[in-house]
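**Q** when you get a sec, could you give me coordinates for this:
(chains A and B)
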Amino acid sequence: MSKQSIPVRKFDAVIVGAGGSGLRAAIQLSEGGLKTAVLSKVFPTRSHTVAAQGGVSASLGNSEEDHWHWHMYDTVKGSDWLGDQDAIEYMCRMAPEVVVELEHFGMPFDRTDEGKIYQRPFGGHMSNFGEKPVRRACAAADRTGHAMLHALYQRNVRANTQFFVEWMALDLIRDEAGQVLGVLALEMETGEVVAFHAKATVFATGGAGRIYYSSTNAFINTGDGLGMAARAGIPLEDMEFWQFHPTGVAGAGVLITEGVRGEGGILRNSDNERFMERYAPNAKDLASRDVVSRAMVTEINEGRGCGPNKDFVLLDITHLDPATIMKRLPGIREISIQFAGIDPIKAPIPVVPTCHYQMGGIPTNYKGQVVSPDGTPVKGFYAAGEVACASVHGANRLGTNSLLDLLVFGKSSGDSVIDDVKSGAIALKDLPAGYAERTMARLDRLNTQTGGSNVNETRLDLQRTMQKHCGVFRFKDMLLEGVAKITEIEKAVAKTEIKDKSQVWNTARVEALELDNLIEVAKATLVSAEARKESRGAHVRDDAPDTPENPNGRDDVLWHKHTLWHREGSRLSYKPVTMTPLSVETIALKTRSY
Amino acid sequence: MDQRERINRLRWRCTRRAMLEMDLLLGEFLEQQFPTLTEQQADAFVVLADMEDLELWPLINGSQECTDAVQGEVLALLRNVRVK
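**A** Sure, this is the predicted structure:
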């Protein structure tokens, strides 16, 4: 297909991704009178936001005294001081407003007897700057994400947002000055490539948790926005920081809740040893997530893993009364039978630390504008949600701040687009000559490749490499080997071959294109992690241990800075952490302990 | 729409869902059991696959009853899927 035959559709704004942040941005734009298109690989209410169950945090103070400044403190501390304090202040101050707005959009929050939004406690939520727990999480039973998506989608229907469902965005369109002029996208039903030419492009594509072999993320999370940004010359920020959960079913990744260990579940190695007694003599299997995850990885790395590849440990509840399991953990028994093929009444469940959430992403400011390394906005380009790095999560995310991030930065990115359009800062510039060449060459290569690599096998290679070399606990030599391996895998990705060459509903092609995005995220993660020679938040290195000079292995002298990974040359640069909030005093560096 | 297109569209809708659990279950079902279904059962599966995850999950795990007989047959098969 030549570039002359590419249809062009013009919009004021195009949003890629229809999860929480994309839908929230779309409301702002459509209600603001902009002609808005939302592209999504799936129907909007099937986005991965559905999987967020815990709630959304806001210092409403409905149950007891609370303050956005306390929420800000918890978020800075959670981030291990890598979060930008201007963005964190903005998010925490905006939280009550966006949550009440969501309520007005029809979100069925749980209520108190007085009819106010009910708030419950959540790990890390404290009052008075870390003093005692506070009830700050607002939820709709255990389906907060699902309810939120429905409320946001309905509001978009009212606002006449135009949805393009089962479309995959392929690449950003940028001109020579670096301004973003839209995206090229593939309609799966026809196989047609279309240019969405817009004044503003908003990325809300979610995370890329599928770079790991064991991941709680749905298959859709292939980092499409990150891949497109990287290919367009936008660096990716803080990609070494990924949140892990200690107990996902080995292979499948499906979560086994901490409640199983709370009911008496025991972790065992291949010698049938209750190994947590060695790592945490008091708390044992109930030690904190990071301690348990590190112990599990150490057991596996030292050859005491289970199974033919010795690559998982066992979560044992066989000693519990079957009646207790049936009564207290029925859902877990079902999950274990369906996803591990094991009835936990009879045999232990194979588990591994499992990737859950991406803290890094496309660098933005708190207005949702994508920024260059020097902090100046990239004209016409905005991002919000897990794909973006504002940076409010820094080195680790506080629970319930993910849904808050979607609402606050979805809205602020929409407001920025409206401001930039109205002020004339961005206008519809002509598409540059040859704007589609690189994308069409990528598609042509896929259509003509012979003797190439298999997409599924290459993706598995990538995922296993990430899991082994850049998982929850990191080792210098493993990281170095990992960088070499991922560079080899990149060569295989460049030669993927698909047997099905048809146009219509060619899922093999789409999966190959998703792999093009996963490899960018994997490289960014490994290279950034290898370089950061400290432990901070979710990035924990064996060679950066807890010492009096560097508590928890954190080295603020050398490493209190954001990583930027540049695709060209797989090069790194760094930028300072913003320590100056918008209106309050800096929350000064100190050791993070709970 | 030919058979290849129909199956590919169904595969996309089974493996790009909101929740990982459903990607795994429906994807595995499509590969293992879909080819052996009767025409009626295949149509019922398409209807089930079009449901949202939080509607479908309670039907699969039995916490909610299904009133349609053919869908019930398919749900019984789905309940027995073992993801490798």
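**Q** ok, now which ones touch the residue of the stretch 401-550 of chain A found nearest chain B?
**A** Residue nearest to chain B within the stretch 401-550 of chain A (CB to the nearest CB): residue A:505, separated by 4.1 Å. All C-beta atoms are positioned from the backbone trio N, CA, C, and that covers glycine. When contacts are counted by CB atoms under 8 Å, 6 or more residues apart in numbering or on different chains, residue A:505 touches A:188, A:189, A:191, B:1, B:4, B:5, B:8, B:9, B:12.
**Q** filter those residues to the buried ones?
**A** Buried members of the contacts of residue A:505, counted by 16 or more other CB atoms under 10 Å in any protein chain shown: A:188, A:191, B:5, B:8, B:9, B:12.
**Q** once you drop chain neighbours, what's closest to the fourth one?
**A** By that I understand residue B:8. residue A:505 (4.1 Å; CB to CB, 6 or more residues apart in numbering or on different chains).
**Q** and chain B, which residues reach chain A?
**A** Counting by CB under 8 Å from any CB of the partner chain, the residues of chain B close to chain A are B:1, B:4-5, B:8-9, B:11-13, B:15-25, B:27, B:52-54, B:61, B:81-84.
**Q** please tell me I have it right and residue A:270 contacts residue A:309.
**A** No. If you go by CB atoms under 8 Å, residue A:270 and residue A:309 don't touch, sitting 11.4 Å apart.
**Q** neighbour-wise, which of the two wins?
**A** More neighbours surround residue A:270 than the other of residue A:270 and residue A:309, with 16 against 10 (other CB atoms under 10 Å in any protein chain shown).
**Q** host element of the more buried one?
**A** Secondary structure assignment for residue A:270, by DSSP states H and E: no helix or strand.
**Q** what separates it from chain B, distance-wise?
**A** Relative to chain B, residue A:270 is positioned 21 Å away (CB to the nearest CB, to the nearest Å).
**Q** ok, that residue - contacts?
**A** By CB under 8 Å, 6+ apart, residue A:270 lies in contact with A:303, A:304, A:305, A:306, A:310.
**Q** quick one: which two of the residues you listed are the most distant?
**A** Within those, two members stand farthest from each other by CB to CB: A:303 and A:306, at 10.9 Å.
**Q** between these two, who's got more neighbours?
**A** residue A:306 (21 against 9).
**Q** quick one: the residue in chain B that chain A sits nearest to from residue B:26, how far?
**A** Closest to chain A within chain B is residue B:18: 3.5 Å, counting by CB to the nearest CB. For residue B:18, the distance to residue B:26 (CB to CB, to the nearest Å) stands at 12 Å.
**Q** now swap in residue A:145 and tell me
**A** 19 Å.
**Q** the more surrounded of these two?
**A** A direct count of neighbours by other CB under 10 Å for residue A:145 and residue B:26 places residue A:145 higher, at 28 against 25.
**Q** list phi and psi for the more buried one.
**A** phi -60, psi -40 (degrees, to the nearest 10).
**Q** residue contacts, the nearest residue in space to it that is not next to it in sequence?
**A** In space, and not counting its chain neighbours, residue A:145 is closest to residue A:52: 3.4 Å by CB to CB, 6+ apart. Listed by CB under 8 Å, 6+ apart, the contact set of residue A:52 reads A:20, A:144, A:145, A:148, A:402, A:403.
**Q** how close does residue A:52 sit to residue A:216?
**A** From residue A:52 to residue A:216 the distance is 11 Å (CB to CB).
**Q** re earlier: can you tell me the SS state at the residue nearest to the residue of chain B closest to chain A when sequence neighbours are not counted?
**A** Excluding the flanking residues, the one nearest residue B:18 by CB to CB, 6+ apart is residue A:50, at 3.5 Å. Secondary structure state of residue A:50, per DSSP: H, G, I helix; E, B strand; the rest coil, is helix.
**Q** does residue A:50 touch residue B:20 like I think?
**A** No. Judged on CB under 8 Å, residue A:50 makes no contact with residue B:20 at a distance of 10.8 Å.
**Q** just to revisit the earlier point, the residue nearest to residue B:18 - how many residues pack around it?
**A** Neighbours of residue A:50 (other CB under 10 Å): 26.
**Q** residue A:29 too?
**A** When neighbours are defined as other CB under 10 Å, residue A:29 has 29 of them.
**Q** any chance you could map the helices in the stretch 151-300 of chain A?
**A** Per DSSP state H, counting those that start in this stretch, the stretch 151-300 of chain A carries helices over the ranges A:224-231, A:259-262, A:276-279, A:289-299.
**Q** how about those, which one is nearest chain B?
**A** helix A:224-231 (11.7 Å).
**Q** helices or strands up against the closest one?
**A** strand A:8-16, strand A:167-174, strand A:193-203, strand A:236-237, strand A:362-363, helix A:507-531 (3 or more CB pairs under 8 Å, 6 or more residues apart in numbering or on different chains; DSSP states H and E).
**Q** so which of those is nearest residue A:562?
**A** Of those, nearest to residue A:562 by CB to CB is strand A:236-237, at 5.5 Å.
**Q** can you list the residues of the stretch 201-350 of chain A near chain B?
**A** Counting by CB under 8 Å from any CB, the stretch 201-350 of chain A sits next to chain B at A:215-220, A:251-254, A:331, A:334-335, A:337-339, A:341.
**Q** please name the nearest non-neighbouring residue to residue 9.
**A** Assuming you mean chain A. Counting by CB to CB, 6+ apart, the residue nearest residue A:9 is residue A:196, at 5.6 Å.
**Q** can you look at chain B instead?
**A** Using CB to CB, 6+ apart, the nearest residue to residue B:9 is residue A:505, at 5.0 Å.
**Q** next, the one you found: secondary structure please.
**A** coil.
**Q** swap in residue A:97?
**A** helix.
**Q** that one: neighbour count?
**A** Neighbours of residue A:97 (other CB under 10 Å): 13.
**Q** check residue A:54 too.
**A** 17.
**Q** and if you look at the one 5 residues further on?
**A** Residues contacting residue A:59 under the criterion other CB under 10 Å number 24.
**Q** please enumerate the helices of chain B.
**A** In chain B, the helices defined using DSSP state H lie at B:3-15, B:20-32, B:39-49, B:53-60, B:69-79.
**Q** chain B contacts on the stretch 351-500 of chain A?
**A** Within the stretch 351-500 of chain A, the positions adjacent to chain B are residue A:500 by CB under 8 Å from any CB.
**Q** remind me which residues of the stretch 351-500 of chain A are low pLDDT?
**A** By pLDDT under 70, the stretch 351-500 of chain A has no low-scoring segment.
**Q** now the helices: where do they sit in it?
**A** Under DSSP H, counting those that start in this stretch, the stretch 351-500 of chain A gives helices at A:401-422, A:437-448, A:455-469, A:476-493.
**Q** quick one: low-confidence residue ranges for chain A.
**A** Checking chain A against pLDDT under 70 turns up A:1-4.
**Q** likewise for chain B?
**A** Ranges of chain B meeting pLDDT under 70: none found.
**Q** try 80
**A** B:1, B:84 (pLDDT under 80).
**Q** tilt between the helix or strand containing residue A:71 and helix A:401-422?
**A** Per DSSP H and E, residue A:71 falls inside helix A:68-78. Between helix A:68-78 and helix A:401-422, the angle comes out at 110 degrees (axes from the mean of the first three to the mean of the last three CA atoms, to 10 degrees).
**Q** fine by me, thanks again.
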